[in-house]
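[1] mind looking at a prediction? Sequence and model below.
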Amino acid sequence: MNPVDALTEIAELLERERSSRYKSKAFRAAAEVIGSLSEAEIDDTASLRRRSGIGDRTLQVIVQARAGGVPEYLADLRERRGAAGGSELRRLLRGDLHSHSNWSDGLTPIDEMAAAARALGHEYLALTDHSPRLRVANGLSPERLRAQLDVVSGLSGDGFTLLSGIEVDILDDGSLDQEDDLLDRLDIVVASAHSKLRTPRAAMTRRLVAAASHPRTDVLGHVTGRLVEGSRGTRPPSEFDADAVFAACAAHGVAVEINSRPERQDPPDDLIGLALEAGCLFSIDSDAHAPGQLSLLDYGAERAERLGVPAERIVTTWPLDKLREWTARDR
């Protein structure tokens, strides 16, 4: 097995498991180190061991891959991944409208996220790094977002489109945390609440309804903000009038995000049912912060299929031309 491929796949599977970012970065760094070496240099184990970026575990993977088999660590990760991704709905998904790069709190450069999306067979991926107020996530100032647009514009082609976008913070009054004229330039705007999630029910309802009614919002992201597992612990869902919020989404053609991250599983099942009854559109998104997390769409698709969400109401099953018609809709 090609050792670069083995190291890269291990990194992606660790990212999918949401393991420590340092683990996946170590395997990506090792892949980069040996990517420029000759076969003879790779097979010189003693010399390789002394190279910066190669540790005991990564060296073991390289040696086992060069011996012709699947490295034990990779085989174990593949087994742990199991049979996820077998739903019919997953096969209908054409893209993903929520992802992050190292321009905000993602782990890898934009081009690596785009390459991973291509490898998964995506027709499109929206890059949606965070907005200015989310300083802990290195949110993009207007100046940095303008600079990012130049990078994004050069990464489409051969049947794949990298869409410009943002995950814009919903401010306390329901306004969006970015300049309106700059939001107008973006392909996709995901509006999400990240702070003051325990705001009283009436105020949180007004906040989310205002965001869903904003003329630049396309997707309402992880609407309850809950966490149900994972390294960050658990967090209860925000309290709000779901009927009012989903009515606003339906009235303005805003898609309710089905966030595929296992630690979020947001919205909860009962709220997906209410959004269905309200006539909402949906967007099954990975909220990926690393290339390997783009495949988390498996989990969102399985939930949506189990809950009876029709494929035609999921915007990420739509071809790009139909998606663009939707984003250009009258608000």
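    Good, I have the coordinates. Numbering: from 1, shown residues only.
[2] was I right to think M204 contacts S238?
    Yes. M204 lies in contact with S238 (CB atoms under 8 Å); the separation is 5.4 Å. All C-beta spots, glycine's among them, are computed from the backbone N, C-alpha and C.
[3] okay, these two: which has more neighbours?
    More neighbours surround M204 than the other of M204 and S238, with 24 against 19 (other CB atoms under 10 Å).
[4] what about that one, helix or strand, and which?
    helix 201-213 (DSSP states H and E).
[5] ditto for V256
    V256 belongs to strand 255-259, assigned by DSSP H and E.
[6] name the helices or strands packed onto that strand?
    In terms of contacts (3 or more CB pairs under 8 Å, 6 or more residues apart in numbering; DSSP states H and E), strand 255-259 is packed against strand 219-220, helix 242-252, helix 269-278, strand 281-285, helix 297-306.
[7] how about the ones you listed, which one is nearest G35?
    Of all the helices and strands packed on strand 255-259, it is helix 297-306 that lies closest to G35, at 27.7 Å by CB to CB.
[8] what's in contact with that closest one?
    With contact meaning CB atoms under 8 Å, 6 or more residues apart in numbering, helix 297-306 is reached by 84-85, 87-90, 93, 96, 258-262, 265, 269, 272, 282, 284-286, 314.
[9] lowest-confidence helix or strand of the chain?
    helix 72-81 (a mean of 89; mean pLDDT, DSSP states H and E).
[10] flag every buried residue along that helix.
    73-74, 77 (16 or more other CB atoms under 10 Å).
[11] okay, and the common contacts of M204 and S238?
    Contacts common to M204 and S238, judged by CB under 8 Å, 6+ apart, are A193.
[12] I'd say V61 and D5 touch.
    No. In this structure, V61 is not within contact of D5 by CB under 8 Å, at 10.7 Å.
[13] who's more crowded, the two?
    V61 (24 against 12).
[14] now do the contacts for that one.
    V61 touches 3, 6-7, 10, 27, 30, 71, 73-74, counting by CB under 8 Å, 6+ apart.
[15] which residue is the nearest non-sequential neighbour of it?
    P71 (4.3 Å; CB to CB, 6 or more residues apart in numbering).
[16] for the one you found, grab the count of nearby residues.
    For P71, using other CB under 10 Å, the count is 24.
[17] who are the contact partners of it?
    Contacts of P71 (CB under 8 Å, 6+ apart): 1, 6, 10, 60-61, 64-65.
[18] can you flag which of those residues belong to helices?
    Residues of those located in helices (DSSP state H): 6, 10, 60-61, 64-65.
[19] list just the nearest of those to D218.
    Nearest member of those to D218, counting by CB to CB, is I10, at 34.7 Å.
[20] my guess is that closest one contacts L74. True?
    Yes. Using CB under 8 Å, I10 is in contact with L74, at 5.3 Å.
[21] doesn't I42 make contact with I34?
    Yes. Counting by CB under 8 Å, I34 does reach I42; the two are 5.5 Å apart.
[22] for the longest strand along the chain, packing partners?
    Determined from DSSP state E, the single longest strand within the chain is strand 161-169. Counting contacts by 3+ CB pairs under 8 Å, 6+ apart, strand 161-169 is packed against helix 110-119, strand 124-127, helix 142-152, strand 188-192.
[23] so for T199, which of those sits nearest?
    strand 188-192 (14.2 Å).
[24] what's the closest one packed up against?
    Packed next to strand 188-192, using 3+ CB pairs under 8 Å, 6+ apart, are strand 161-169, strand 219-220.
[25] at 10 Å instead, please
    Helices and strands touching strand 188-192, by 3 or more CB pairs under 10 Å, 6 or more residues apart in numbering; DSSP states H and E, are strand 124-127, strand 161-169, helix 201-213, strand 219-220, strand 255-259, strand 281-285, helix 320-327.
[26] list the strands paired with it, with their directions.
    Strand 188-192 has the following strand partners under DSSP bridges: strand 161-169 (parallel), strand 219-220 (parallel).
[27] redo those strands as a markdown table? Include mean pLDDT.
    Shown next, in a markdown table, are the strands paired with strand 188-192 (pLDDT from 0 to 100):
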| stretch | mean pLDDT |
| --- | --- |
| strand 161-169 | 98 |
| strand 219-220 | 98 |
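[28] the residue lying closest to T161 once chain neighbours are set aside bridge partners, please.
    Take T161 and drop its neighbours on the chain: the residue closest to it by CB to CB, 6+ apart is Y124, 4.5 Å away. Under DSSP bridges, the beta-bridge partners of Y124 are G95, T161.
[29] report the contact partners of Y124.
    Y124 sits next to 94-97, 117, 156, 159-163, 187-188, 316, 318-320, 323-324 when contact means CB atoms under 10 Å, 6 or more residues apart in numbering.
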